[in-house]
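K.L.:
Provide a 3D model corresponding to the input given below.
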Amino acid sequence: MEVTEYRPTQLTLDQGDLDYLLTLVRSASGDRTDARVFQALTPTHKAGVYEVTPGPYVGRLGLPSGSWIDFRSRFPIEDVIELIRRSARHPIRADKLRVDANAETFLTEAIALAFARELESLVGQGLAKGYEQIRHHRPPYPGRLDAAYHVGRLAARPDRLVTIGRHLTTNVPVNQAAAVALDVLSRVPLAREVSTRLARLAPAFVRVRRAPIRAEDVGRFTLTNLTRRYRQALALAEAILRSQSLAPRSAGLAGGSLLFFMPKVWEAYVNQWLAEQWPEHRIVAPHRFRLTNDGQTAEADATVWAGKDLVALYDAKYKWPGSTPDRGDLYQMITYCERLGLEHGTLVYPVATPKRSVTVGNKTVHVLGVAPSFAPFRL
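P.N.:
Numbering: from 1, shown residues only. Below is the predicted model of the structure:
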């Protein structure tokens, strides 16, 4: 079964699949949590046939019956792959329900490429290190005497000496999670250029112990100032480990349910793109600020700063641009500019479109299209 973002589609569903999908429908109260995969699900005049309207998701969702739904984007598939690969945004859902991995593997390869890019950056900076205690039974005997072990296990033999010392090592949890995820991907059938890129990273993790680790454990890691740079790599590692699906099983291949919430993927991509366009500036994304005098706040997708001075405002719009910006988007940007003290703001769309501007009073809203698969971007 196949659906496209925001496009109503009729699907034949049994009762088990219907009950499962109903939990993924946006609530009547207007709940906008990412868990609400479908905008609407309504019965038709045909028994067992329902009209479903998906939200802005891309991926594949397994169903209790063993079938699955493919979620397609409105935008070109090559652009979607670039967005996922470059943004390194992890899936919003990574369920245990299985789907066929033979039919299409582009999402798996996009995740693998994003993961490879994050690991290449980490290896280039140097893997995080920590201290671990190692017991030494042979000379030279670094560290301090391990009296408890010497007496309790060796009966205080005068011809045996045991010391214990602290050693700096890369064998720390964040590297262990990355190494295990890398091992999972090594067992997945991928395009040659993808598998080669991953294979080149393997030597950097040779000394990292493959400790048993679950996806849930990765999500609970507490990052420090020294390991905060692992955030995106760990998010992708969690997705990889959560769907052990990615690895071959039995005679066939099984894949996990993976859904990407594309507005967030687009926002992450735009943030990285802005960092390339404003190399000497600081990008704050998102930027929360006071919207009303009574204390209500708003959140701009991205702002650009030169020291303490705000110089630019951007809003990432995951939609097709019209001949003019939507009235709601226009009002939003003008309001934000007014409150932030700017004379102009920019709406960024994921398709190539001529740059144009709309002026309202003393505020100007620019419209900019960036086609991901063709946009200049240094990896």
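
K.L.:
For the rest of this, base every contact and every neighbour count on C-alpha atoms.
P.N.:
OK.

K.L.:
you'd agree residue 267 is in a strand?
P.N.:
No - remark: residue 267 does not belong to a strand; assigned using DSSP: H, G, I helix; E, B strand; the rest coil, it is helix.

K.L.:
Can you tell me how far it is from residue 340?
P.N.:
20 Å (C-alpha to C-alpha, to the nearest Å).

K.L.:
Comparing these two, which residue is more hemmed in?
P.N.:
Set residue 267 next to residue 340 and count neighbours by other C-alpha atoms under 10 Å: residue 267 wins out with 23 against 16.

K.L.:
Give me the phi and psi for the residue lying closest to that one once chain neighbours are set aside.
P.N.:
Distances taken as C-alpha to C-alpha, 6 or more residues apart in numbering place residue 316 nearest to residue 267, at 5.6 Å, with adjacent residues excluded. Per-residue torsions, residue 316: phi -90, psi 120 (degrees, to the nearest 10).

K.L.:
For residue 316, grab the count of nearby residues.
P.N.:
Residues near residue 316, counting by other C-alpha under 10 Å, number 22.

K.L.:
show me the contacts for it.
P.N.:
Listed by C-alpha atoms under 8 Å, 6 or more residues apart in numbering, the contact partners of residue 316 are 263, 266, 267, 270, 301, 347, 348, 349.

K.L.:
Show the pLDDT at it.
P.N.:
pLDDT for residue 316: 92.

K.L.:
Then residue 198?
P.N.:
As predicted, residue 198 sits at a pLDDT of 91.

K.L.:
Tell me how far the residue nearest to it when sequence neighbours are not counted lies from residue 229.
P.N.:
Nearest non-adjacent residue to residue 198, counting by C-alpha to C-alpha, 6+ apart: residue 116, 5.9 Å away. Residue 116 sits 15 Å away from residue 229, going by C-alpha to C-alpha.

K.L.:
In terms of neighbours, single out the busier of the two.
P.N.:
More crowded of residue 116 and residue 229, by other C-alpha under 10 Å: residue 116, with 24 against 16.

K.L.:
Is it correct that the more buried one is in contact with residue 196?
P.N.:
No - applying C-alpha atoms under 8 Å as the test, residue 116 and residue 196 come out as separate, 10.1 Å apart.

K.L.:
where does the stretch 51-200 of the chain dip in pLDDT?
P.N.:
Filtered on pLDDT under 70, the stretch 51-200 of the chain yields the residue ranges 78, 81, 85-86, 88-107.

K.L.:
let me fix that: the stretch 201-350 of the chain
P.N.:
Counting by pLDDT under 70, the ranges of the stretch 201-350 of the chain that qualify are 242-258.

K.L.:
Endpoint to endpoint, stretch 273-293 covers what distance?
P.N.:
Counting by C-alpha to C-alpha, you get 33 Å between the two ends of stretch 273-293.

K.L.:
Give me the contacts around that stretch.
P.N.:
For stretch 273-293, contacts defined as C-alpha under 8 Å, 6+ apart pick out 271, 296-307, 336, 339, 377-378.

K.L.:
let's see it at 10 Å
P.N.:
The contact list for stretch 273-293 (C-alpha atoms under 10 Å, 6 or more residues apart in numbering) reads 86-87, 267-268, 270-272, 295-308, 310-315, 335-336, 338-340, 370, 372, 375-378.

K.L.:
again, but for stretch 208-217
P.N.:
Contacts with stretch 208-217, where a contact means C-alpha under 10 Å, 6+ apart, come from 169-173, 175-181, 183, 234-235, 237-244.

K.L.:
In the helix ranked longest in the chain, which residues are buried?
P.N.:
For the chain, the longest helix by residue count, based on DSSP state H, is helix 106-125. Buried residues in helix 106-125, counted by 16 or more other C-alpha atoms under 10 Å: 106-120, 122.

K.L.:
now, which of those sits nearest residue 146?
P.N.:
residue 122 (35.7 Å; C-alpha to C-alpha).

K.L.:
ok, that closest one - contacts?
P.N.:
By C-alpha under 10 Å, 6+ apart, the contact list for residue 122 reads 116, 128, 175, 227, 229, 230, 233.

K.L.:
For the third one, what are phi and psi?
P.N.:
Meaning residue 175. phi -70, psi -30.

K.L.:
name the element residue 47 belongs to?
P.N.:
Residue 47 is part of no helix or strand when elements are defined by DSSP states H and E.

K.L.:
Could you verify my assumption that it touches residue 15?
P.N.:
No - applying C-alpha atoms under 10 Å as the test, residue 47 and residue 15 come out as separate, 11.1 Å apart.

K.L.:
name the element residue 58 belongs to?
P.N.:
Using DSSP H and E, the element containing residue 58 is strand 57-62.

K.L.:
That strand pairs with which strands, and in what direction?
P.N.:
strand 68-72 (antiparallel), strand 252-261 (antiparallel) (DSSP bridges).

K.L.:
Please indicate which of the contacts of residue 316 are buried?
P.N.:
Buried among the contacts of residue 316 (16+ other C-alpha under 10 Å): 266, 267, 270, 301, 347, 348, 349.
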